[in-house]
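Q: quick one, fold the following:
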Amino acid sequence: MKQRKIPMRKDIVTGEMAPKKQLVRIVRNKEGEVSIDPTGKMQGRGAYVSIDVEVAKKAKKEKTFNSVFSVDLDEDFYNRLLEYVEHQQARQELIDNDKL
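A: Coordinates of the predicted model:
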């Protein structure tokens, strides 16, 4: 059976390439609104960040998405991102533990 190609994307915070499933897409739409894109299919310009709490904290500290999307994001966006990443990281750990 032919092995499927794994889509890779670049983490905007660390600069490392990773499988798309290990990243969260953040998108800016035409109206300039920035949001978390859990499906990865929303319209607009996207950037990726790892599902890793430490990387999300670094993005918050450096206000990475302010410069990436040329917008002024408030602290609330970064707090929601951190909560989302914490949740997704916990889910991945549970799934990985179930496979053992």
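
Q: need the three-state assignment for residue 36.
A: Classification of residue 36 by DSSP: H, G, I helix; E, B strand; the rest coil places it in strand.

Q: doesn't residue 43 lie inside a helix?
A: No - counting by three-state DSSP, residue 43 is not part of a helix but coil.

Q: go ahead and confirm it touches residue 28.
A: No - applying CB atoms under 8 Å, one finds residue 43 not in contact with residue 28, separated by 10.1 Å. Bear in mind the C-beta positions are built from the backbone N, C-alpha and C, glycine included.

Q: at the geometric centre of this structure, which residue do we find?
A: Centrality entry for the chain: nearest residue to the mean C-alpha point is residue 24, 2.4 Å, by CA atoms, centre = their mean.

Q: end to end on stretch 15-26, go ahead and measure it.
A: Stretch 15-26 has an end-to-end distance of 15 Å (CA to CA, to the nearest Å).

Q: for residue 36, which non-adjacent residue is spatially closest?
A: residue 84 (5.5 Å; CB to CB, 6 or more residues apart in numbering).

Q: and the one you found, how many neighbours does it have?
A: Here the number of neighbours of residue 84 (other CB atoms under 10 Å) works out to 17.

Q: before we move on, back to that, so which of residue 43 and residue 28 has more stuff around it?
A: Comparing residue 43 with residue 28 by other CB under 10 Å, the one with more neighbours is residue 28, at 20 against 9.

Q: buried sites along the longest helix along the chain?
A: Longest helix of the chain, by residue count under DSSP state H: helix 75-99. Residues of helix 75-99 classed as buried: 77-78, 81, 84-85, 88-89 (neighbour count, 16 or more other CB atoms under 10 Å).

Q: what does stretch 11-28 give?
A: Buried residues in stretch 11-28 (16+ other CB under 10 Å): 11-13, 18, 23-28.

Q: any idea how far apart the tips of that stretch sit?
A: Terminal-residue distance, stretch 11-28 (CA to CA): 16 Å.

Q: which residues are in contact with that stretch?
A: 6-10, 34-38, 40, 42-51, 55, 58-59, 62, 64-65, 68-69, 71, 81, 84-85, 88, 92 (CB atoms under 8 Å, 6 or more residues apart in numbering).

Q: perfect, that will be all.
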